[in-house]
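# sharing a sequence plus its predicted fold:
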2 protein chains.
Amino acid sequence: MSKRSGILEFAVLGLLRESPMHGYELRKRLNTSLGIFRAFSYGSLYPCLKTLVVQGYLVEETGPEPDPLTVPLAGRRAKIVYRLTAAGKEHFEELLAHSGPDAWEDEHFAARFAFFGQTSRDVRMRVLEGRRSRLEERLERMRASLARTRERLDDYTLELQRHGMESVEREVRWLNELIETERAGRPGGTKPQPAPGGSDERDNQQQSGGEPGPRVTRDD
Amino acid sequence: MSKRSGILEFAVLGLLRESPMHGYELRKRLNTSLGIFRAFSYGSLYPCLKTLVVQGYLVEETGPEPDPLTVPLAGRRAKIVYRLTAAGKEHFEELLAHSGPDAWEDEHFAARFAFFGQTSRDVRMRVLEGRRSRLEERLERMRASLARTRERLDDYTLELQRHGMESVEREVRWLNELIETERAGRPGGTKPQPAPGGSDERDNQQQSGGEPGPRVTRDD
DNA sequence: TTCGTCATGTAATGGGTTACATGATTAC
DNA sequence: GTAATCATGTAACCCATTACATGACGAA
């Protein structure tokens, strides 16, 4: 009942950091706005919110203060709006910076990336570089395994491996570009709240091959 | 204790179809040879094997028949070699053909693809096309969501979505090529046991952009 | 004789899902 | 007044993981 450590918690804190919301709305944003996350269900979202409240990272606010005078009904079930506390904000900051051992895995990385707009540049750099080196390890192992088993596998398996490797390679290139852009960006050390003006030189035509990593799954 | 329905079961059956193996070896092949699968742990593998035995899809064979005369030791703990039964083979075939609702998701698809060498052409076609239409649905939703929220998101979120969409688009193109190759291939309807001779015209230079889909994760 | 690797397992836990149950509000 | 969708939740399960425990076998 206490150990919440998943993408969901992270994403909830991140979204709530931008503005208070109630559960239903939260879930929608999880599925659509961010584009990255697989569709979390209410079955996981609501319990998660509860424990975050218990931990003191969130506070519930019952209803948008509808002026008790105009709404005399007693048992009126109101929307529960969740607001991030100071402790919650701090906790989120820690999660961003801390970078546990699995922080570079696909979904964890995607989740972090999704909140880059709220992240300081040095943390962004660490995340991007961490992800990159994780992918490079992956490539290493794939290359090794491929060399070991070459010719002993049928064409389909080979094609699958080749395809997988290319995907990873592409993502590495993508990361390289992002890192370079990041390096060249305004040297200001922190919080570019609205949006990073950088990365505009090259328009969105077709170069700059975007790639595989960030998992996109179905929303509702 | 009865409902085994995961990638693991599928992969185990598929690997065992090629040849009998014991658990330890099985796990290694799961992690490396196939390249696709995330590293399954013994904690999931062995229980899985047990239930498959109970279900009659596998039989255990204790040790490689080391000739009882030469090895008189009584309690000699032997390797347990698992062999696919006829029922097991049939079951695997069903799983391949059946195509439940989540059969087109990333890992399920990758697992199926990994056994294409043992799969009939029409099933291969169905799998590839199923995957493709699933991805196209995904694209549809992504485009819609992007159109809805354009300009209201910061550059990073946008970049992430763009990147995600490109990944999906690339995989669609990859599938298109595979499907075309499949269509053009030898018209023989079934089991190209060793390897499909097709898809050789275009060498592995750089066209035919391979892409994102099949999840590759770390092995041990 | 000790270390690494092969080899097999179990118990507790984790992070999520589905299916279900309920009720309020809005649009027709 | 009824259907869709907004809104909140619970219980049971799923598929896997980690950490742990055991032991055989080969090579240094």
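Looks like it came in fine.

# show me what contacts the residue nearest to the spatial centre of chain A?
Most central residue of chain A, judged by C-alpha distance to the mean C-alpha position with Cα atoms, centre = their mean, is A:A111 at 0.8 Å. Residues counted as contacts of A:A111 (Cβ atoms under 8 Å, 6 or more residues apart in numbering or on different chains) are A:7, A:10-11, A:14, A:36-37. (Each C-beta comes from the backbone N, C-alpha and C, glycine too.)

# out of everything not next to it in sequence, what's closest to it?
When the adjacent residues along the chain are set aside, A:A111 lies closest to A:I7, with 5.0 Å between them (Cβ to Cβ, 6 or more residues apart in numbering or on different chains).

# A:L52 too?
Computed as Cβ to Cβ, 6+ apart, the closest residue to A:L52 that is not its neighbour in sequence is A:L58, at 4.6 Å.

# now do A:R29
Among residues not flanking A:R29 along the chain, A:L15 sits closest, at 5.7 Å (Cβ to Cβ, 6+ apart).

# distance of that neighbour from DNA strand D?
A:L15 sits 13 Å away from DNA strand D, going by Cβ to the nearest atom of the strand, to the nearest Å.

# residues near that residue, how many?
Counted with other Cβ atoms under 10 Å in any protein chain shown, the neighbours of A:L15 add up to 22.

# what number of residues lie near A:T119?
A:T119 is surrounded by 23 other residues when neighbours are defined as other Cβ under 10 Å.

# check which helix or strand covers the residue nearest to A:R29.
A:L15 is located in helix A:7-18, with elements delineated by DSSP states H and E.

# who does that helix touch, helix- and strand-wise?
In this structure, helix A:7-18 makes packing contacts with helix A:23-31, helix A:42-54, strand A:80-84, helix A:86-98, helix A:106-114, judged by 3 or more Cβ pairs under 8 Å, 6 or more residues apart in numbering or on different chains; DSSP states H and E.

# domain ranges for chain A?
Segmentation of chain A into domains, based on automatic domain parsing, reads A:7-65+A:77-99, A:120-184.

# show me what contacts the residue of chain A found nearest DNA strand D?
Distance from DNA strand D to each residue of chain A (Cβ to the nearest atom of the strand) is smallest for A:G23, at 3.1 Å. For A:G23, the set of contacting residues under the criterion of Cβ under 8 Å, 6+ apart consists of A:42, A:45-46, A:49, A:80, A:82.

# distance of it from A:N31?
As defined by Cβ to Cβ, to the nearest Å, A:G23 lies at a distance of 13 Å from A:N31.

# got it, and A:V168?
In this view, A:V168 and A:N31 are 26 Å apart by Cβ to Cβ.

# which element follows the helix or strand of chain A with the lowest mean pLDDT toward the C-terminus?
The least trusted helix or strand in chain A, going by mean pLDDT, DSSP states H and E, turns out to be helix A:121-149, with a mean of 88. Moving toward the C-terminus from helix A:121-149, the first helix or strand encountered (DSSP H and E) is helix A:155-184.

# thinking again about what came up before, most packed of the helices and strands packed on helix A:7-18?
Mean neighbour count, computed with mean count of other Cβ atoms under 10 Å in any protein chain shown, is highest for helix A:106-114 among the helices and strands packed on helix A:7-18, reaching a mean of 23.

# can that helix be said to contact DNA strand C?
No - Helix A:106-114 lies out of reach of DNA strand C by Cβ under 7 Å from any atom of the strand, never closer than 7.6 Å.

# okay, the angle between that helix and helix A:121-149?
Computed by axes from the mean of the first three to the mean of the last three Cα atoms, to 10 degrees, the angle separating helix A:106-114 from helix A:121-149 equals 150 degrees.

# for helix A:106-114, the distance to its chain's centre please.
Centroid separation for helix A:106-114 versus its chain: 3 Å, with Cα atoms, centre = their mean, to the nearest Å.

# same question for stretch A:117-132.
In this view, stretch A:117-132 has its centroid 12 Å away from the chain centroid, taken as Cα atoms, centre = their mean.

# hang on, the earlier thing: including mean pLDDT, could the helices and strands packed on helix A:7-18 go into a markdown table?
Formatted as a markdown table, the entries for the helices and strands packed on helix A:7-18 read as follows, by pLDDT from 0 to 100:
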| stretch | mean pLDDT |
| --- | --- |
| helix A:23-31 | 91 |
| helix A:42-54 | 95 |
| strand A:80-84 | 95 |
| helix A:86-98 | 91 |
| helix A:106-114 | 90 |
